[in-house]
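Student: Any chance you could fold what I've pasted below:
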Amino acid sequence: MNARPSDATQLRPMRQADIELVSEIEKRAYPFPWTPGIFRDCLRAGHQCWVLEAGSKVLGYGVLSAAAGEAHILNICIAPEYQGRGHGRRLLRRMLDLARWHQALQVFLEVRPSNPKAIQLYRDEGFNEIGHRPNYYPAEKGREDAIVMAIELLPPER
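Tutor: Next up, the predicted model:
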């Protein structure tokens, strides 16, 4: 019997002790990474911060803010060496489940136009492009716009 990599993984809430590991993944994945302080602030603010792990190894993480009937995926990342194996999709789906749990009816996110794999993942999962944020991301030569995407969530059945 062959197990897929995602079968051996689990999702759990991020802890303070995860911040250094998460920050290391962030540095390897992005040219302009979040600082450890940003992750600490997200935990302190009560955002939904989750990690995907295999055994004791953190493969990725996601951060979701939810309030007033909507949610915003602030960060979602899989370590570069584990990308392309379905882990990002699993983490994204957890973020959407958490948004539903918080009774959000819409979920928003920003993505770099230079990240076509992420854009395709979001489209595959039902997100639609709704706008642009000019000069949103730092880039090698100045700033890069962001594509704003959103998904409508069905309200829970009563």
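
Student: Residue 77 contacts residue 33, correct?
Tutor: No. Assessed by Cβ atoms under 8 Å, residue 77 is found out of contact with residue 33, at 9.2 Å. (Each C-beta comes from the backbone N, C-alpha and C, glycine too.)

Student: Between the two, which contacts overlap?
Tutor: Counting by Cβ atoms under 8 Å, 6 or more residues apart in numbering, the contacts common to residue 77 and residue 33 are residue 26.

Student: Counting neighbours, go ahead and name the busier of these two.
Tutor: residue 77 (23 against 16; other Cβ atoms under 10 Å).

Student: The nearest residue to that one once chain neighbours are set aside: what's it in contact with?
Tutor: Leaving aside its sequence neighbours, residue 77 sits nearest to residue 29 (Cβ to Cβ, 6 or more residues apart in numbering; 5.1 Å). Residue 29 is in contact with 77, 78, 79, 80, counting by Cβ under 8 Å, 6+ apart.

Student: now do residue 52
Tutor: Counted by Cβ under 8 Å, 6+ apart, residue 52 has contacts 9, 10, 11, 58, 59, 60, 61, 62, 78, 87, 90, 91.

Student: Return the subset of those residues lying in strands.
Tutor: Those of those mapping onto strands are 9, 10, 11, 58, 59, 60, 61, 62, 78, per DSSP state E.

Student: just the buried members of those?
Tutor: Among the ones in strands among the contacts of residue 52, those buried by neighbour count (16 or more other Cβ atoms under 10 Å) are 9, 11, 58, 59, 60, 61, 62, 78.
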